[in-house]
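J.: missing the sequence, but the structure's below:
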Ligand SMILES: Nc1ncnc2c1ncn2[C@@H]1O[C@H](COP(=O)(O)OP(=O)(O)OP(=O)(O)O)[C@@H](O)[C@H]1O
Ligand SMILES: [Mg+2]
């Protein structure tokens, strides 16, 4: 359970170019459900997703994870919590070029100090599950968009998080590939994981995956 | 503990992959690093080896050597001095010595001919140093024919080649008996080259030297400790000058390392951002980067040190011979005895790796504190 | 002035160390003024980030500290032929007024930075960084030590004059030359030996109780700290004579030479390790913060294990050297 209490985020505070991207947002995200953040470009979806996932520190307000205030937690502990709780899928895939698909998937597990062999096996299983078993040794930059997005999802799952945060997961894909990705997210929901998506792609809202929509306008909740 | 090891292993794996991916970018730095270690290590290895040779040279030397000066020049001294010196309080033993140089045109080098007083070679026989034997292509049993002072040929049969711990001590040495020596150089029987004095109590060496000077006004007294200090000072000075000169290189290298570490490419920033967004802590990125530096350092240090080793001990240090040796006599083939010394390696580590680490630590830290949400805004 | 690779290396290391720690010291003042762990504001985050740098720097400083100390002593030993009257490191160190202070400051720096790293390790395991103020106050002690070390080393090497006639270790550790060192040397073996072994066994016993029963941790820390000077005194009083097989040779520095099988290095390594780990164990055990309720005792126990093993090895080595010696008292 994630609670945001009057959370605001101001970029470059105190300077001329200060910009408040999220204003006094309060909301709860329940685990095991699919929530979508919807809004036009620039409305603060990505920023809010970062705040929910502890990636972005709020300028004011509190973020609580299972009742514990994480807004002022030292980085080391925040990162540990974040690693165990959230899996991120970024807007541009963000795979590391020059590393193999397998190495990319294993990256988030390195700081946890889990045994290499076990992580490797788990990564291969995930890739198999997404039909990428044969591409495990391919370099990340050789992948097509759809493949890259699936690798990014596999990477988000390697630490077995409770909640997947996906920023515009379909924005770089055609509709067939988008459906495929949405099917994977539906699958994760079926396995009991929570999913939070930011999107302005109508397709996302059509397929019946999203259980709760949060509308954003200029950094505020629009409801 | 296991988790710690697994994590370090993961970080090392990733660092290795990183270095591999940016081979071109890292190669220049690696070569500069290796060159720096090579130069510094050559200076230190070479200087230390020479210093050690000199120490061995002096190890068995007598505490005091008495020479005779005539018109300010070293001259042969009369045997009568021996009796006079034996009477000086504090002197345990006084021995007249015979030695001299012979210019051997065949190998264009000076031979140091010396009389071995204990267990001397039989008449007409000689022992020679390994370097000389090599240069002349001589083996035990061969005959070495040299021209005596009056131009007549004088033949020595070789009964052995000197295998000393240090080649500097014995390289050009030739040991003969007293009668041969006198006949070869035309020296009368009551003359000696100099006198070696053994002093019983080390603390009295100075006092004994003063007494000798008082008793023999025409004498010069050389103390072993004095010579040792002179040698050490000369070596230290030369080595120090070279190292100071190289410190400018060191500074240039540190600057290069700093520049490389702080000038992150957009790609590298993006990657660090990805790692942090994926759940790497600042400390994890920092450690990964430190591992990267450590791997480069270890590689460059090993490469540079091994190259310097080969340069000094197997290629006769062509880069430094003139500056560091400063010996008037150059030997036909002169090999320093190789040796590994932990203190020396520690010294080199401080001189090369430390500036690198210090120069890169702040930029590396700065890189690792990039915001984790930077990636989301691309 | 002595122009020598090892001296240059040490001067470089000490100067860099002083520079880095001086910077950290200034930061420590700033942090102590502005730290507010309840805040998630910009300044707090910037401060927090900089603590990563400072931890790394002190780690580096400790990592360099011990080899630098060893190199300093070794080099002093190697320089002995330079000075009339010097037989070992003592002669070189006494060749001017700055050698001994430099050595003492390096020793102090080693122990303080080890203690700092123990605090740092624990602090980073508490979500509320409970030891941050203690840690940065200790840093305010460490920074001047690093500065003093650099200054003393520069003075020592710059003022080193090969002409000087120095004293050999016999005069410093001789029974009738006065001073603390001499009194240690003059201590009769019949007193020094039981004193040392009782102290040693007591320290080990308390350490064992702490490891198995989790009690008397702080007492163990204090004992491990006291054991260090006690062991040094024992080396001067009777261990060194046993190794030299000469009843009147008490020097703790000649032990480092090859002639004595590098016995000094063999003995000092576990002694230093044991002392540092033991003090660290006591320090960790005295931390009673809620957020470290699990981490502090765990670290204290592991450090105590290291300390007990190292000190046991030290004492056994002493027994080994005594057993092997032909010295009859
Ligand atoms: N680092 C930053 N500095 C200044 N302004 C920023 C920064 N990051 C985001 N912004 C601004 O904050 C606002 C919200 O950005 P955000 O990326 O959250 O929007 P979004 O809803 O995800 O948009 P899109 O659909 O285009 O991805 C934008 O106007 C953006 O320009
Ligand atoms: Mg966005």
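T.: Yep, it's here. The structure displayed is predicted, hence computed values, not measured ones. Ligands and ions are numbered 1, 2, ... in the order given.
J.: Only C-alpha atoms from now on, for both contacts and neighbour counts.
T.: Will do.
J.: most residues in a single helix of chain A, which one?
T.: In terms of residue count, the longest helix belonging to chain A (DSSP state H) is helix A:175-190.
J.: List the buried residues in that helix.
T.: A:177, A:178, A:179, A:181, A:182, A:184, A:185, A:186, A:188, A:189 (16 or more other C-alpha atoms under 10 Å in any protein chain shown).
J.: Which residues does that helix contact?
T.: Residues outside helix A:175-190 that contact it (C-alpha atoms under 8 Å, 6 or more residues apart in numbering or on different chains) are A:32-34, A:146, A:149-150, A:169-170, A:194-195, A:203-204, A:209.
J.: Could you do stretch B:199-217 as well?
T.: B:63-64, B:85, B:88-93, B:219-221, B:223, C:85.
J.: One more: stretch A:120-132?
T.: Applying C-alpha under 8 Å, 6+ apart, the set of residues contacting stretch A:120-132 from outside is A:102, A:105-106, A:133-134, A:136, A:147, A:150-151, A:154-155, A:157-158.
J.: Among those residues, name the ones in helices.
T.: Reading helices off these with DSSP H, I get A:102, A:105, A:106, A:147, A:150, A:151, A:154, A:155, A:157.
J.: which of these count as buried?
T.: For these, a burial check counting by 16+ other C-alpha under 10 Å picks out A:102, A:105, A:106, A:147, A:150, A:151, A:154, A:155, A:157.
J.: Let me see the contact set for the fourth one.
T.: So that's residue A:147. residue A:132.
J.: How about chain A: which residue is closest to chain B?
T.: residue A:113 (4.2 Å; C-alpha to the nearest C-alpha).
J.: for the record, mean pLDDT for stretch B:197-212?
T.: The pLDDT scores in stretch B:197-212 average 81.
J.: same thing with stretch A:152-168?
T.: Per-residue scores along stretch A:152-168 average to 94.
J.: Next, the distance between the ends of that stretch.
T.: Across stretch A:152-168, the terminal residues are separated by 13 Å (C-alpha to C-alpha, to the nearest Å).
J.: Okay, buried residues for it please.
T.: For stretch A:152-168, a neighbour-count test (16+ other C-alpha under 10 Å) marks A:152-168 as buried.
J.: Name the residues of the helix or strand where residue B:367 lies that are buried.
T.: Using DSSP states H and E, residue B:367 maps to helix B:342-368. Residues of helix B:342-368 classed as buried by neighbour count (16+ other C-alpha under 10 Å): B:343-368.
J.: Distance check, residue C:40 against residue A:70.
T.: For residue C:40 relative to residue A:70 (C-alpha to C-alpha), the value is 9 Å.
J.: same question, residue C:79
T.: The gap separating residue C:79 from residue A:70 is 59 Å, by C-alpha to C-alpha.
J.: before we move on, what about residue B:255?
T.: Going from residue B:255 to residue A:70 by C-alpha to C-alpha gives 41 Å.
J.: picking up where we left off before, of the contacts of helix A:175-190, buried ones?
T.: Neighbour-count burial (16+ other C-alpha under 10 Å) applied to these gives A:32, A:33, A:34, A:146, A:149, A:150, A:169, A:170, A:194, A:195, A:204, A:209.
J.: the strands in the chain, which residues?
T.: Since you didn't name a chain, this refers to chain A. A:2-11, A:19-29, A:34-38, A:60-65, A:68-69, A:86-89, A:163-167, A:194-199, A:212-217, A:220-221 (DSSP state E).
J.: should've been chain B
T.: Going by DSSP E, chain B shows strands at B:64-70, B:73-75, B:77-78, B:91-97, B:99-104, B:109-115, B:125-129, B:143-147, B:153-162, B:173-176, B:191-192, B:194-199, B:219-223.
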